[in-house]
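>>> Sequence first, then the predicted structure:
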Amino acid sequence: MAVHCPSCGSQFVVAKHLAKTVGGTAGLIGGGTLGVMGAVGGARQGAAFGAFAGPVGIGVGSFSGAVIGGLLGASSGGLAGAEIGEHIDKKVLKNYECNHCHHQFAESDLVMSEGN
Ligand SMILES: [Zn+2]
């Protein structure tokens, strides 16, 4: 579907994705916090698992457990935040801007025209 400016009818319309960016960043920070908790838990589990292989195994197990826990938390938080932000962009904010007349509008303001 082509997006047309509701003010001047131009097709030179850009989506700004403001909330998506903010949401992704906020999610990344929140997810990072969860990731730290996951890292601590992962390190503990890794250390317990690595204990079978002796002192070196404890070190390697702790490290890999922490890395995996941290990465999982941060990436899942970032994705969730971006998804929520995208929803806000579409439904709430004036996410589109016309490059021709600089009119800003939301998706709900769009006139659904097929083919012209
Ligand atoms: Zn326009």
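Received, thanks. Numbering: from 1, shown residues only.
>>> make it CA atoms for all contacts and neighbour counts henceforth
Fine.
>>> Against which helices or strands is the helix or strand containing Val14 packed?
Assessed by DSSP states H and E, Val14 sits inside strand 13-15. Identification of packing neighbours for strand 13-15 by 3 or more C-alpha pairs under 8 Å, 6 or more residues apart in numbering; DSSP states H and E yields strand 96-98.
>>> re the thing from before, which residues belonging to the strand holding Val14 are considered buried?
By neighbour count with 16 or more other C-alpha atoms under 10 Å, strand 13-15 contains the buried residues 13, 15.
>>> mind listing what it pairs with, with the direction of each?
strand 96-98 (antiparallel) (DSSP bridges).
>>> Now do the same contact list for the nearest residue to Ala51 once chain neighbours are set aside.
Counting by C-alpha to C-alpha, 6 or more residues apart in numbering, Ile58 is the residue found nearest to Ala51 once chain neighbours are left out, at 5.0 Å. Contact partners of Ile58, counting by C-alpha atoms under 8 Å, 6 or more residues apart in numbering, are 46-51.
>>> Kindly recompute the last result at 10 Å.
Contact partners of Ile58, counting by C-alpha atoms under 10 Å, 6 or more residues apart in numbering, are 43-52.
>>> same check, this time on Gly46
Shown in contact with Gly46 (C-alpha under 10 Å, 6+ apart): 39-40, 57-66.
>>> Just the buried residues of the lowest-mean-pLDDT helix or strand in the chain, please?
Of all helical and strand segments in the chain, the minimum by mean pLDDT, DSSP states H and E falls on helix 18-50, at a mean of 73. Buried residues in helix 18-50, counted by 16+ other C-alpha under 10 Å: 18-47, 49-50.
>>> Can you name the residues of this structure that neighbour the ion?
Applying C-alpha under 5 Å from the ion, we find that the chain lies next to the ion at 5, 7-8, 98, 101.
>>> would you list these in JSON lines and tack on neighbour count?
Output for the residues of the chain next to the ion, formatted as JSON lines (neighbours: other C-alpha atoms under 10 Å):
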{"residue": "Cys5", "neighbour count": "25"}
{"residue": "Ser7", "neighbour count": "14"}
{"residue": "Cys8", "neighbour count": "12"}
{"residue": "Cys98", "neighbour count": "22"}
{"residue": "Cys101", "neighbour count": "14"}
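>>> Sweet, I'm off.
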